[in-house]
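>>> Next comes the sequence, and after it the predicted model I'd like to discuss.
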Amino acid sequence: MEISTLAMYHCLAFVWYFFVTYSITHIRAEERPSEVFLYGGQWKYLTVLNLVLQAVFYGVSFLADVLRLIKKLRCAKCVISSRDLLFSVLAFPVSTFVSISFWTLYTYSRELVYPKSLDGVIPLWLNHAM
């Protein structure tokens, strides 16, 4: 894939994950269930932390692509190695764990990972985006 196309993809993915993370942090609900956001708010959920991690990863990937496009080789090498380390150590393992554990627990019992009381708090489009 060409670098400019890859940079555009990473930019769009970064903007999307940033927007979803921003939207999650600004959920306002008058009838918020007391047991759901007790102790730590939405930051205690692995899906929210995974969204932040994905936004950081795509931001670093976009930066690496831009540096490669403007031929800053010394800086690009450092950012590319950081991106690769971030992906192999955090982004891929955490995303895989969150996906597998969420869907396994959701199949077993929905109330364990996503209580029905959250349906009125988190909009359907935002829940699907996560």
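That came through fine.
>>> What helix or strand is the residue nearest to the spatial centre of the chain located in?
Nearest residue to the geometric centre of the chain (C-alpha atoms, centre = their mean): Leu51, 1.6 Å. Taking DSSP states H and E as the definition, Leu51 sits inside helix 46-69.
>>> buried residues in that helix?
By neighbour count with 16 or more other C-beta atoms under 10 Å, helix 46-69 contains the buried residues 48, 50-68. C-beta: built from backbone N, CA, C; applies to glycine.
>>> quick one: low-confidence parts of the protein?
28-44 (pLDDT under 70).
>>> one step back: what residues does the helix holding Leu51 touch?
The contact list for helix 46-69 (C-beta atoms under 8 Å, 6 or more residues apart in numbering) reads 3-4, 6-7, 10-11, 13-14, 17-18, 20-21, 24, 42-43, 75-76, 79-80, 82-83, 86-87, 90-91, 94-95, 97-98, 101-102, 130.
>>> On the C-terminal side of that helix, identify the next helix or strand.
Once the chain leaves helix 46-69, the next helix or strand it forms, by DSSP H and E, is helix 73-86.
>>> Point out the other helices and strands that that next one packs with.
Using 3 or more C-beta pairs under 8 Å, 6 or more residues apart in numbering; DSSP states H and E, the elements in contact with helix 73-86 are helix 46-69.
>>> how close does the closest residue to the residue nearest to the centre of the chain other than its chain neighbours sit to Lys116?
Of all residues not flanking Leu51 in the chain, Thr21 sits nearest, at 4.8 Å (C-beta to C-beta, 6 or more residues apart in numbering). According to C-beta to C-beta, to the nearest Å, Thr21 and Lys116 sit 24 Å apart.
>>> higher neighbour count, these two?
Thr21 (21 against 9; other C-beta atoms under 10 Å).
>>> now the helix or strand containing the more buried one and helix 46-69, what's the angle there?
Using DSSP H and E, Thr21 falls within helix 3-25. Here helix 3-25 runs at 150 degrees with respect to helix 46-69, directions being taken by axes from the mean of the first three to the mean of the last three C-alpha atoms, to 10 degrees.
>>> and helix 3-25 with helix 73-86, angle?
Using the same axes, to 10 degrees: helix 3-25 against helix 73-86 is 50 degrees.
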